[in-house]
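>>> using only what follows, build the 3D model:
(4 chains)
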Protein chains: 4
Amino acid sequence: METLRDWNEECAVVGVYNADTAASVAYYSLFSMQHRGQEASGISSSTGEKLITIKDRGLVTAVFGDDKLKKLKGRSAVGHNRYSTAGEDSILDAQPVFARYDLGEIAIVHNGNLTNAKQIREDLIQKGAIFQSFMDTENLIHLIAKSQKEKLIDRIIDAVHKIEGAYSLIFLSRKKMFAIRDPHGFRPLSLGRIKNSDGSFGYMVASETCAFDLVGAEYIRDVEPGEMLVFEAEGEPRSYKIFEKQPRPCIFEFVYFARPDSRVFGHNVYEVRKNMGQELAREKPIEADMVIPVPDSGVAAAIGYARESGIPFELGIVRNHYVGRTFIEPTQQSRELKVKLKLNPIKELIQGKRLIVIDDSIVRGTTSRQIVRILRAAGAKEVHMKISSPPTISPCYYGVDTPDKSQLICANMTLEETCRFIEADSLSFLSLEGLRRSIQCDERELFCQACFDGKYIV
Amino acid sequence: METLRDWNEECAVVGVYNADTAASVAYYSLFSMQHRGQEASGISSSTGEKLITIKDRGLVTAVFGDDKLKKLKGRSAVGHNRYSTAGEDSILDAQPVFARYDLGEIAIVHNGNLTNAKQIREDLIQKGAIFQSFMDTENLIHLIAKSQKEKLIDRIIDAVHKIEGAYSLIFLSRKKMFAIRDPHGFRPLSLGRIKNSDGSFGYMVASETCAFDLVGAEYIRDVEPGEMLVFEAEGEPRSYKIFEKQPRPCIFEFVYFARPDSRVFGHNVYEVRKNMGQELAREKPIEADMVIPVPDSGVAAAIGYARESGIPFELGIVRNHYVGRTFIEPTQQSRELKVKLKLNPIKELIQGKRLIVIDDSIVRGTTSRQIVRILRAAGAKEVHMKISSPPTISPCYYGVDTPDKSQLICANMTLEETCRFIEADSLSFLSLEGLRRSIQCDERELFCQACFDGKYIV
Amino acid sequence: METLRDWNEECAVVGVYNADTAASVAYYSLFSMQHRGQEASGISSSTGEKLITIKDRGLVTAVFGDDKLKKLKGRSAVGHNRYSTAGEDSILDAQPVFARYDLGEIAIVHNGNLTNAKQIREDLIQKGAIFQSFMDTENLIHLIAKSQKEKLIDRIIDAVHKIEGAYSLIFLSRKKMFAIRDPHGFRPLSLGRIKNSDGSFGYMVASETCAFDLVGAEYIRDVEPGEMLVFEAEGEPRSYKIFEKQPRPCIFEFVYFARPDSRVFGHNVYEVRKNMGQELAREKPIEADMVIPVPDSGVAAAIGYARESGIPFELGIVRNHYVGRTFIEPTQQSRELKVKLKLNPIKELIQGKRLIVIDDSIVRGTTSRQIVRILRAAGAKEVHMKISSPPTISPCYYGVDTPDKSQLICANMTLEETCRFIEADSLSFLSLEGLRRSIQCDERELFCQACFDGKYIV
Amino acid sequence: METLRDWNEECAVVGVYNADTAASVAYYSLFSMQHRGQEASGISSSTGEKLITIKDRGLVTAVFGDDKLKKLKGRSAVGHNRYSTAGEDSILDAQPVFARYDLGEIAIVHNGNLTNAKQIREDLIQKGAIFQSFMDTENLIHLIAKSQKEKLIDRIIDAVHKIEGAYSLIFLSRKKMFAIRDPHGFRPLSLGRIKNSDGSFGYMVASETCAFDLVGAEYIRDVEPGEMLVFEAEGEPRSYKIFEKQPRPCIFEFVYFARPDSRVFGHNVYEVRKNMGQELAREKPIEADMVIPVPDSGVAAAIGYARESGIPFELGIVRNHYVGRTFIEPTQQSRELKVKLKLNPIKELIQGKRLIVIDDSIVRGTTSRQIVRILRAAGAKEVHMKISSPPTISPCYYGVDTPDKSQLICANMTLEETCRFIEADSLSFLSLEGLRRSIQCDERELFCQACFDGKYIV
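Purely as a prediction, here's the structure:
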């Protein structure tokens, strides 16, 4: 539930190299990944001679209205969707970050969060650097500019060895493009290729594979954790393994962030979510008349739960998609009305019925409570809230916008207390093991699941 | 599929009487019925002394941005969402239509289409009337103004006896409100009540009951075909049966127009659509691996089909809801890309699979063909298109924006030819009887089904 | 002083017939007459087959941004700039008023005010007419539509014989154009011609001749009071004298409304204003160090005063032209700041000096007082306010937006009291005879000077 | 003639310290200096704890619409209006430039041009600095950040000793403000004080003194060439003479840039311009019927010319002030129409007359030619163009946007050729000595007059 969410992905990135209409490919890719950030959008393209950057607040379709896309000439481009973070300081922050430095011009896009950004920034500042924005991304350019290495590639390697945290980074210079996934591979990044009109292939990297589908690109593989891809001249990108660490991709991508039609960390998101529902049905069975999802994120898990349990699946709550950023609230309205603007149950369907309601997660608990209330007001006899992930008990430091631990209801209340707070008849969560099983991954495959177990890798 | 649709509802109406914040109630109601018209929006309110009207092009949230809602003072209001119709002539057309006339001031909103509008207009023009817009609604005000009757109520009755066609009309004068459904009750109109802060009740009428849910109103009943409700002072509206004809509500409301959480003509839309899917499964069974809907309109029928057939339901196509009115198309793109912007299949799910695809209707056939192509490109082994309504073979003259008969594929091709055109492995439609059965209505209950059988009542 | 003015012209009109790019000519004409109305703007053009109308709130450059002008095809057009009048009722009012009626389609623009509009409207309403706006112009269309005459020309003559007041009217039908100045010719209207690319001539009428200059048209003559011009096919317009009354053009056009480069009622405005200053110098001499105008309207009279008196002319007050409609006022500011935003004296010039300040008129007196205060604060030793017109003691009913008599300072205070109120060292006005002399007109030439002498003709 | 100008000032700056509503004072100041830059506008304020910056493209009233000014809390602020310079690269460039660095936070505004910016930038880049914009201002922050000095004041002194060119700079830190005029004092900068509500004084510096007038500040004195003012805590700013060079203020400020109500380099601009006209009359007398200015910039000189020559002054050309940035040009129009949109002569006044036309300068000659043509078309018998400054033969490198030498007509043609090009009957310029005399300055007072004599100081 978008604007009501308390747990939000920060950003999407895309890079396009040697493609017929690079900026246009970047534009459509950002459009398909709009769910990962609606605050600001931007694209830098390279003509081979210079970089051109256009970025602004707003949805990608708003930022690139009129004829702006035409100004972004060239056969390579990087783009970014930004998720809103708090604070009036950040009014002007948008990516790509562009800079001129001793090797020429560079543009960077970044999806993630650098955990040692503050130390690096202070260190750089002590050495005379200036910071003109509040984005971690600025660190990278400074590190590259200050590196003693001669070639850009070596400087980038230098720079990323100084930073820690989660990052999918794409660097665009006048002639080349570099894509890096952090050592643990927290955030997703995939490689695809796109056919040019002359039969040659262009290449692209994007946070989610749904971007490939829209622009007609072919998914090749994921960029590996710790891998750097170098795009240069024509032909396939060269691969460098610049880190050798245990991969720990973010398990929450499966739970909520990614689009169900994306392939994330090698697994289709829809299938994983459906499995989560099935596991949940096995772990936490209950008698009921129907299984209904909180749309849109709970749909796949609800289908899985219904299938496993044999209890009918119903799309019992209808979502209004006309709620946008400009929604005005003429009268002082309760939070309940805010939920109502988005979600409306089908009364005739649920009246007198025992409902299993599937949602992806519980953060503060207030939205869940309102959903329960709306369902009861519509006549539900019983409301059993089932969450297709474990209780979220720890904030994320790897690029996800989350509240403090003090505001995470499951970190501060027992299951019974939480159930009482959200006013449900029962409440249950999928176990961490169940979640892992849903991914059907290899035993040895590890994930970052710090939000569920509090164990931070970096 | 909203902007790709070839068969579109025209408009939503709402009327609010004796309510604490009438304009605000109208505003939220229009917001919940935004799916019935995105071109223009407007509200007139009455202070008791005078009417105030604000209307403009754009979504309801855009038209009433800033502080405009505050200007709409008073305890009664009428509102309208308008569906875009062709032609540059209509640039300024938006409702409510407001006029001063011999009895004072009046504002009218209208959902539907008057089949004798042209004759009436020409007749009125011959008698000296002037028409300042291209909306049928202007006829009504002229007829009322020219009526020889003394009281407004009698003039309204006079006026509506001169018009033919489909209309849900709401009239707002300075002190009263009148709501009328046409003799055949083509378009839906429901009555609800809303509790004021002092414990008294206000009343409202709206095209769809989902409006009641959002504003916390209670559904009382449908306005009957041929019924006029008069809202005056406090207390319940008085009812007048001003026509005695065979009701013929529009069966297509169940097929596509209405929101699934609305109760239309006494039946919940979601339940009817699910039934349509079940009937379709009984009438047109086929072996397949999964049932997938074209989202969002095909979802309920697909759930029904899956349940009846035992074939698994899967949400195999993901819809991007960020496509808005301002979407720009930087490169000349194929119609295929346009469909892709909205719909993306889940490759991993459908690869090598035999699909039953449920859509609500086929109009020109081009969109269906693109959907089939996208599914095949994603690896579907077989694509069986199943439509949860009969072939649409005749245009609508009762307030729905439809193409000419010459453009309706099913009016011009056999089933086989149509199947070949859309490139599906098979194609089948629900029978008209099956559709009727889905509504689970009384034998004697009749519908307007002219779009399916070409039999026009008026 | 535009937005501070208390006495405002209502509207400008233009009509173009048989010209290569009629809508474009209308557009530039409206642009050159923007000073007569900044609230709303609109143009109707005729393709010969139908009329097309675009109108909206805002300056003419804003209303016709984008490609809207291209939609206004055809070789004839009428246009209008509207001055803001009070009241939220008028939100949607803009001209041209367009209507379909028994003879086809018609668009009307109107500059002026109908003094019997209310009676006519009530009469029309009693006969069944409806009014959809709050503009007097709607009356005209009703009168034409209801006329028993067969031809449009006879109907128009019929209609204008029913109305009283001030009006410059232009009617556009699909094939013809009609321009009428009221019997007394209160408001200005001139005829010009414009050369087409094929060597033929198109014709145009406009409120001010400055419109001709911008579009390269040649001024032919004024439309006479009581004259109707009929534009039909190619060739010169035919003239009909439809009223025989004493002309009484508005003398205030010379005082303030018209642009100095316009020729109004046969006299160049700049020359008349300069004469006003000279007359004022003769009538009300005083010793002083310099003559300074309140810009921009007082400049010509100040030049005249200086020339006659031999006292140096100085542009002692600088006007800021960046004040627009959207000016925001972040802090609650005094009226003094509002004047300061527009006007700033040149301190070094006026310090210790005795100033003669020339303004065109005094309405409420508050703006004059602020100007005096600003000048004193800048060091002026003496401030002698001299007004290049007589005291305004009566409101206008002929199309000018004026305050009530109770708010006209000169209608309620003696000269001495007014001088004290505005805090000037002395105050004097040009006499009515002096004003007449300035126009250098024939003895028998009469003007409407009701605002100065309270004698209303109609 | 604003948008037709070929010789344009770059930017206005303002700094406010210890004032009640600092951002509001900065806002009004920028509004009064809007003529120095219409492309972009911005303000940074300091709360004492942190800096807040808002900047965007557009006029100051547009950038700070809504409630944005309220976000700029604190008692000190710096602001900037930016003149449009060429190039799509600069899309995002606007000032103040904000940065965090080792001493905290800083915001800088800059009016002028650094002649060694490129070398410094390259040098800084070689040392690892990155540049995120195309503004010279970024250099300053780097130099300050990299300075080895401990205190900000010493670093600023360090930094400005490294740069050359024209600069009026204002630095805002969290607690202090620093204002510097370059060693030669090319661009103007004045000091004023403003009374707070508690009786204490706040201080401000601004490019032009007209800013003081609007906000009710008192002019104290000019900031001296090579002087740095340090604003710290309460009380008067401390003054440091950090350069000892020959002052060379820009003489063109008198010719065109500054508002006539400003005091520039100790001289009132209006008086100087009037003197220029008088000198011109003495140097280049000619017989004629009237003296008319090209408005608005030629008015004061024309008054002076008329007074000295005894030939009557007339405001013979009327300027339309509604031409804004959004002016659309629906038909492909000649440059002549573009001039016409702004300037219209008073035909009746000039017909058959011998005109002396006073303009401030001639750059390319094309605008002058169009003015001559318009005047002749309006019936002028003779057009004698007199320029109140010497021929401009060299471009400016000190912060003024000028064309290449190859495009300066006077650098490439003789006086006779130029006269023939602009189609005037005669053409004459004020001598450089005459210009100097007009300023009535001390013999030893020197100016930068490189645009007239090609002698560059730096």
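>>> could you use CA atoms for every contact and neighbour count after this?
Noted.
>>> in the stretch 151-300 of chain A, what residue lies closest to chain D?
A:Arg155 (11.8 Å; Cα to the nearest Cα).
>>> helix or strand: which one has that residue?
Secondary structure assignment for A:Arg155, by DSSP states H and E: helix A:152-160.
>>> so what does that helix touch, helix or strand wise?
Using 3 or more Cα pairs under 8 Å, 6 or more residues apart in numbering or on different chains; DSSP states H and E as the contact definition, the elements that helix A:152-160 packs against are helix A:137-146.
>>> elements contacting the helix it packs on?
Taking 3+ Cα pairs under 8 Å, 6+ apart as contact, the helices and strands that helix A:137-146 lies on are strand A:97-101, strand A:104-114, helix A:117-126, helix A:152-160.
>>> what is the neighbour count of the nearest residue to A:Gly48 once chain neighbours are set aside?
The shortest distance from A:Gly48 to any non-neighbouring residue, by Cα to Cα, 6 or more residues apart in numbering or on different chains, is to A:Arg174 (4.9 Å). Residues near A:Arg174, counting by other Cα atoms under 10 Å in any protein chain shown, number 19.
>>> pull the CA atoms of the one helix or strand A:Gly277 maps to into CSV?
Remark: A:Gly277 resides in helix A:269-283, with elements defined by DSSP H and E. Written as CSV, here are the backbone C-alpha positions of helix A:269-283 (Å, rounded to 0.1, in the frame of the first residue of the first chain):
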residue,chain,number,x,y,z
VAL,A,269,9.2,-13.1,-7.4
TYR,A,270,5.7,-14.2,-8.0
GLU,A,271,6.6,-17.9,-7.6
VAL,A,272,8.5,-17.2,-4.4
ARG,A,273,5.5,-15.2,-3.0
LYS,A,274,3.1,-17.9,-3.9
ASN,A,275,5.4,-20.4,-2.1
MET,A,276,5.4,-18.1,0.9
GLY,A,277,1.6,-18.4,1.0
GLN,A,278,1.8,-22.1,0.7
GLU,A,279,4.4,-22.4,3.5
LEU,A,280,2.3,-20.1,5.6
ALA,A,281,-0.7,-22.4,5.1
ARG,A,282,1.3,-25.3,6.2
GLU,A,283,2.8,-23.6,9.2
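>>> packing partners for that helix?
Going by 3+ Cα pairs under 8 Å, 6+ apart, helix A:269-283 lies up against helix A:299-309, helix A:432-439.
>>> where are the low-confidence patches of chain A?
When the per-residue scores of chain A are filtered using pLDDT under 70, the ranges that remain are A:1-9, A:66, A:84-92, A:324-336.
>>> one more pass at 50, please.
Across chain A, residues meeting the criterion (pLDDT under 50) sit at A:1-4, A:86-89, A:325-332.
>>> can you list the domains in it?
Dividing chain A into domains by automatic domain parsing, as the record does, gives the ranges A:2-247, A:270-322+A:331-444.
>>> measure how buried the residue of the stretch 151-300 of chain A closest to chain D is and give me the count.
As a burial measure, the neighbour count of A:Arg155 was computed by other Cα under 10 Å and equals 19.
>>> quick check, it in contact with A:Ile144.
Yes. A:Arg155 is within contact range of A:Ile144, at 5.2 Å (criterion: Cα atoms under 8 Å).
>>> quick revisit: helix or strand right after the helix holding A:Arg155?
Using DSSP H and E, the helix or strand that follows helix A:152-160 in sequence is strand A:165-173.
>>> in its sheet, what does that following strand sit against?
Strand A:165-173 has the following sheet partners, assigned by DSSP bridges: strand A:104-114 (antiparallel), strand A:176-181 (antiparallel).
>>> name the residues that touch the shortest one?
Same thing as strand A:176-181. Under the criterion Cα atoms under 8 Å, 6 or more residues apart in numbering or on different chains, residues A:15, A:17, A:76, A:167-172, A:187-189, A:205, A:223-233 lie in contact with strand A:176-181.
>>> picking that back up, tabulate the strands paired with strand A:165-173 (CSV), appending distance to A:Glu138 and mean neighbour count.
Output for these, formatted as CSV (distance: least, Cα to Cα, whole Å; neighbours: other Cα atoms under 10 Å in any protein chain shown):
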stretch, distance to A:Glu138, mean neighbour count
strand A:104-114, 9, 26
strand A:176-181, 16, 26
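>>> dump the ones you listed to a markdown table, plus distance to D:Ala94.
Below are the strands paired with strand A:165-173 laid out as a markdown table (distance: least, Cα to Cα, whole Å):
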| stretch | distance to D:Ala94 |
| --- | --- |
| strand A:104-114 | 19 |
| strand A:176-181 | 29 |
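>>> and the residue of the stretch 101-250 of chain A found nearest chain B, which of the three is it?
For the stretch 101-250 of chain A and chain B, the shortest gap (Cα to the nearest Cα) falls at A:Leu214, measuring 6.1 Å. Three-state assignment for A:Leu214 (DSSP: H, G, I helix; E, B strand; the rest coil): helix.
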